[in-house]
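[1] Return atomic coordinates for the entry below.
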Amino acid sequence: MAAPSVRPDQHQRGRVPLNVIYVMQPYPVPQPYPVYIEVPAPPEQPPAPVVEVEPPAPFVPANGSRTLYVIPGCYLGNVMPEASRLPAGCDISRMKTHTP
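    Residues are numbered from 1 along each chain as shown. You can find the predicted model right below:
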């Protein structure tokens, strides 16, 4: 037996389609007739549990020095460099200060 053909119901045009299957009858003259299938509604889902979320920590801006000390090719930082801690060949007299 061939698979049943599915056609839209001529009387239901423009409406929300129901779950209808047209089955061909194997009688002297095959005629399709609608078979209405009732589809059960999906089961109710329990509501999602409420999750307590603690608020984010407040923003605390940095309060350090914003002055930049630059020795080209040698040092870049927001702390005044000490001449004794600089690498060999770094001259502290070439230091430039950038204040915001």
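[2] where along the protein do the strands fall?
    Ranges of strands in the chain, per DSSP state E, are 20-24, 32-36, 68-71, 75-77, 96-98.
[3] Quickly, which of these bottoms out on average pLDDT?
    Per-stretch mean pLDDT for the strands of the chain is lowest at strand 20-24 (a mean of 63).
[4] Can you tell me the closest non-neighbouring residue to residue 91?
    Of all residues not flanking residue 91 in the chain, residue 71 sits nearest, at 7.4 Å (CB to CB, 6 or more residues apart in numbering). C-betas here are computed from N, CA, C, even on glycine.
[5] how many other residues sit next to that neighbour?
    Here the number of neighbours of residue 71 (other CB atoms under 10 Å) works out to 18.
[6] OK, contacts around it?
    Going by CB atoms under 8 Å, 6 or more residues apart in numbering, residue 71 touches 81, 86, 90, 91, 92, 94, 95, 96.
[7] let's see it at 6 Å
    90, 94, 95 (CB atoms under 6 Å, 6 or more residues apart in numbering).
[8] Buried ones among these?
    Using 16 or more other CB atoms under 10 Å as the burial test, the contacts of residue 71 include 90, 95 as buried.
[9] from the contacts of residue 71, which is closest to residue 51?
    In terms of CB to CB, no member of those lies closer to residue 51 than residue 95, at 53.8 Å.
[10] ok, now which ones touch the closest one?
    69, 71.
[11] cool, residue 74 as well?
    Counted by CB under 6 Å, 6+ apart, residue 74 has contacts residue 90.
[12] swap the cut-off to 8 Å and go again
    Per CB under 8 Å, 6+ apart, neighbours of residue 74: 86, 87, 89, 90, 94.
[13] go on, residue 80?
    Residues in contact with residue 80 (CB under 8 Å, 6+ apart) are residue 69.
[14] quick one: pLDDT of it?
    Residue 80 is assigned a pLDDT of 89 by the prediction.
[15] same question, residue 19
    On pLDDT, residue 19 comes in at 62.
[16] which of the contacts of residue 71 lies closest to residue 76?
    Lowest distance from residue 76 to the contacts of residue 71 (CB to CB) belongs to residue 95, with 10.4 Å.
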